[in-house]
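K.L.:
Quick one: sequence plus predicted model below, questions after.
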Amino acid sequence: MLELPALADTYLAAARASDRGRSAEVVVHDGELRQTIIALTAGSELREHNAPPAASLQVLRGRVRVTDEKSGVEVPAGGLYLLTHHRHAVVALTDAVFLLTTVTSVPS
């Protein structure tokens, strides 16, 4: 069993110590399902990238802003956001930690 508060502490400390202001690791990998803990210091970002077939972002600490080609939304601690299938970016509005859940392929 994973203890998300402890993981959040660990990865946020690593992000604060990193020159890039971020730290991440896949913590669950089961077939196509992946869950990645990502910590970003305030102002750090994940630049625009493609979305997997299915994904959600659950903020554990802080606040992030998710932007895509159409809009942007602020997601606070405790928030769960369904990522669209559009290219998107994530910026930390404060020091933040989130759990990214993705499905990396969909059977045809």
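P.N.:
Right, received. Where do you want to start?

K.L.:
Now do the helix-or-strand element of the chain with minimal mean pLDDT: which elements does it pack against?
P.N.:
The helix or strand of the chain with the poorest confidence is strand 45-49; it has a mean of 89 (mean pLDDT, DSSP states H and E). Contacts defined by 3 or more C-beta pairs under 8 Å, 6 or more residues apart in numbering; DSSP states H and E place strand 45-49 against strand 88-92. Just so you know, the C-beta spots here come from the backbone N, C-alpha and C atoms, and that holds for glycine as well.

K.L.:
What strands line up against whatever helix or strand comes next after the strand it packs on, and which way round?
P.N.:
Per DSSP states H and E, the first helix or strand lying C-terminal to strand 88-92 is strand 96-103. Note on strand 96-103: by DSSP bridges, its sheet partners are strand 33-40 (antiparallel), strand 54-61 (antiparallel).

K.L.:
which residues sit against the first one?
P.N.:
Which is strand 33-40. Taking contacts as C-beta atoms under 8 Å, 6 or more residues apart in numbering, the residues outside strand 33-40 that touch it are 4, 7-8, 11-12, 14-15, 21-28, 46, 60, 64, 90-92, 95-104.

K.L.:
and the stretch of helix or strand T10 belongs to with strand 33-40, angle?
P.N.:
Assessed by DSSP H and E, T10 sits inside helix 4-17. Using axes from the mean of the first three to the mean of the last three C-alpha atoms, to 10 degrees, the direction of helix 4-17 lies 50 degrees away from that of strand 33-40.
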